[in-house]
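# Structure, please.
(2 chains)
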Amino acid sequence: AQSVTQLDSHVSVSEGTPVLLRCNYSSSYSPSLFWYVQHPNKGLQLLLKYTSAATLVKGINGFEAEFKKSETSFHLTKPSAHMSDAAEYFCVVSDHPRFGAGTRLTVKP
Amino acid sequence: GAVVSQHPSWVICKSGTSVKIECRSLDFQATTMFWYRQFPKQSLMLMATSNEGSKATYEQGVEKDKFLINHASLTLSTLTVTSAHPEDSSFYICSANLPSGRSHEQYFGPGTRLTVT
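Just a heads-up that it's a prediction; the model follows:
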């Protein structure tokens, strides 16, 4: 069975500082992995996806994530946080899509 | 491309009544759709996998007689909440993936907020 674990339920950063949202996965085969963002009372938007091509994946709005098989991780990063990045972020694994618990990102001015 | 719509976007119903939520893939055919529910400030919980032309596969703990799913065509899946109660109030989200896609990327609908009074 596949699953994901988001290691932080809440991350708070200051505007302009780096963002790190952590996700570990469990899969018996090479998974597809995704990060989605959900703004309050809104639907889900795909940030980026890993599908066994390049291990460093670039997404929208300056986000990127690196697939590390040895660490079974797919952490989401952004060099400089913006106020508009404040939202809920979900890590999702593969074809029977199961969501991580989510990480709420707060950006302080 | 790959747009998924849901209707209605919000609905209020009285306890004991049934509510139907539609999920449509607008510009592609979806053999498989997924239904989720999301409580406030919580993650999405997969309820069931809807397969065109066959019975839905429900996740453990989800009452199939309570949440009726019909995937009658390649572009439409419906979720009917039967005999709704206040505890069924939630945000319901559907998704679909491209049938030929290898990446299993999900395209999500905007969600339906159900309030049962």
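# Residue numbers of chain B in contact with chain A?
Residues of chain B that fall close to chain A, judged by Cβ under 8 Å from any Cβ of the partner chain: B:34, B:36, B:41-46, B:49, B:93, B:95, B:97, B:102-106, B:108-111. (Each C-beta comes from the backbone N, C-alpha and C, glycine too.)
# which of the residues you listed count as buried?
Among those, the ones that count as buried by 16 or more other Cβ atoms under 10 Å in any protein chain shown are B:34, B:36, B:43-46, B:49, B:93, B:95, B:97, B:103-106, B:108-109, B:111.
# Strands - which of those land there?
Residues of those located in strands (DSSP state E): B:34, B:36, B:44-46, B:49, B:93, B:95, B:97, B:106, B:108.
# Farthest-apart pair in these, please.
Maximum pairwise distance in these, criterion Cβ to Cβ, is 18.3 Å, between B:45 and B:97.
# The host helix or strand of residue A:12 and chain B, are they touching?
Assigned by DSSP states H and E, residue A:12 falls within strand A:10-14. No - Strand A:10-14 lies out of reach of chain B by Cβ under 8 Å from any Cβ, never closer than 10.5 Å.
# Can you give the strand pairings for the helix or strand of chain B with the lowest mean pLDDT, parallel or anti for each?
Least confident element among the helices and strands of chain B, by mean pLDDT, DSSP states H and E: strand B:106-108 (a mean of 86). Strand pairing for strand B:106-108, using DSSP bridges, gives strand B:90-97 (antiparallel).
# which outside residues touch the strand it pairs with?
A:43-44, A:95, A:97, B:4, B:6, B:21, B:23, B:25, B:28, B:30, B:32-40, B:44, B:77, B:79, B:104-109, B:111-114 (Cβ atoms under 8 Å, 6 or more residues apart in numbering or on different chains).
# filter these to the buried ones?
Neighbour-count burial (16+ other Cβ under 10 Å) applied to the contacts of strand B:90-97 gives A:43-44, A:97, B:4, B:6, B:21, B:23, B:25, B:28, B:30, B:32-38, B:44, B:77, B:79, B:104-109, B:111-112, B:114.
# Could I get the CA-only coordinates of stretch B:27-42 as CSV?
Extracted in CSV, the C-alpha atoms of stretch B:27-42 (Å, rounded to 0.1, in the frame of the first residue of the first chain):
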residue,chain,number,x,y,z
ASP,B,27,-13.0,18.3,-22.0
PHE,B,28,-11.9,14.7,-21.5
GLN,B,29,-13.3,11.3,-20.8
ALA,B,30,-12.7,9.9,-17.4
THR,B,31,-13.0,6.2,-16.8
THR,B,32,-12.2,6.7,-13.1
MET,B,33,-13.2,9.4,-10.8
PHE,B,34,-12.6,9.8,-7.1
TRP,B,35,-14.8,11.3,-4.4
TYR,B,36,-13.4,12.9,-1.3
ARG,B,37,-14.8,14.7,1.7
GLN,B,38,-13.0,17.3,3.7
PHE,B,39,-13.9,18.6,7.2
PRO,B,40,-12.9,22.1,8.2
LYS,B,41,-9.1,22.4,8.7
GLN,B,42,-8.6,18.7,7.8
